[in-house]
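A.B. asks: structural data only, the sequence is not supplied:
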Ligand SMILES: C[S@@+](CC[C@H](N)C(=O)[O-])C[C@H]1O[C@@H](n2cnc3c(N)ncnc32)[C@H](O)[C@@H]1O
């Protein structure tokens, strides 16, 4: 694990309230709509990569999903999510790992990533990430991914990020994936500023 990256994210999650970080949202509407569009069985394995302390896992449990996994480089973020979920945390698989070194212990029907992929500014890291996605997915598996859009902020959490429209995101994942849907979203941060996001729903051909 890259200690510098891990320390950065643990510092963020131990010095800020989980509902005060710029990416916080009370209702992960686009995530839920695009995951629902994949039309998966309730026991289909889903992984939220760079899930942090997001309430997406709570919402997916509420929707009846029973095979959920949250991966994050920050143990502090996962602790916050587990604490919030109390007993329900026991039914989720938690993985503290750097996605760049992730060796999937199982296969998933859907890989979700909101605002983690865009931190990969190195082309080699992005290629490794996509190779990991491919190894992690079941045949015809889905990817729901969101990044800052081309007109999004230059940095997130003090770190440089890459920017995408749907075509650029699709190109990163490659022709082995079909682009099923894409969206733009204007996210309002807890301090009231706006951040432009791109969403893509891809499926393995
Ligand atoms: C901007 S936050 C988004 C969190 C969450 N997806 C959400 O929508 O609330 C980015 C998250 O990615 C995690 N992260 C950053 N780099 C990572 C890496 N290389 N491997 C795994 N997680 C990473 C951070 O710890 C953080 O929780």
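C.D. replies: Structure's in. What do you need? Remember, it's a predicted structure, so these values are computed and weren't measured experimentally.
A.B. asks: next, the distance between the ends of stretch 60-70.
C.D. replies: 12 Å (Cα to Cα, to the nearest Å).
A.B. asks: er, stretch 102-109 actually
C.D. replies: Note: stretch 102-109 ends 17 Å apart using Cα to Cα.
A.B. asks: which residues touch that stretch?
C.D. replies: Residues outside stretch 102-109 that contact it (Cβ atoms under 8 Å, 6 or more residues apart in numbering) are 38, 40, 44-47, 49, 69, 71, 95, 132, 135-138, 141-142. Where you see a C-beta, it was placed from the backbone N, CA and C, and this is true even at glycine.
A.B. asks: take those residues and keep only those in helices.
C.D. replies: Of those, the ones assigned to helices by DSSP state H are 132, 135-136.
A.B. asks: which one of those has the most neighbours?
C.D. replies: Counting neighbours by other Cβ atoms under 10 Å, the top entry in these is residue 136, with 20 neighbours.
A.B. asks: wait, that one sits on residue 47?
C.D. replies: Yes: Residue 136 is in contact with residue 47 according to Cβ atoms under 8 Å; the separation is 7.0 Å.
A.B. asks: which residues do these two both contact?
C.D. replies: Applying Cβ under 8 Å, 6+ apart, one finds that residue 136 and residue 47 are jointly contacted by 108, 111.
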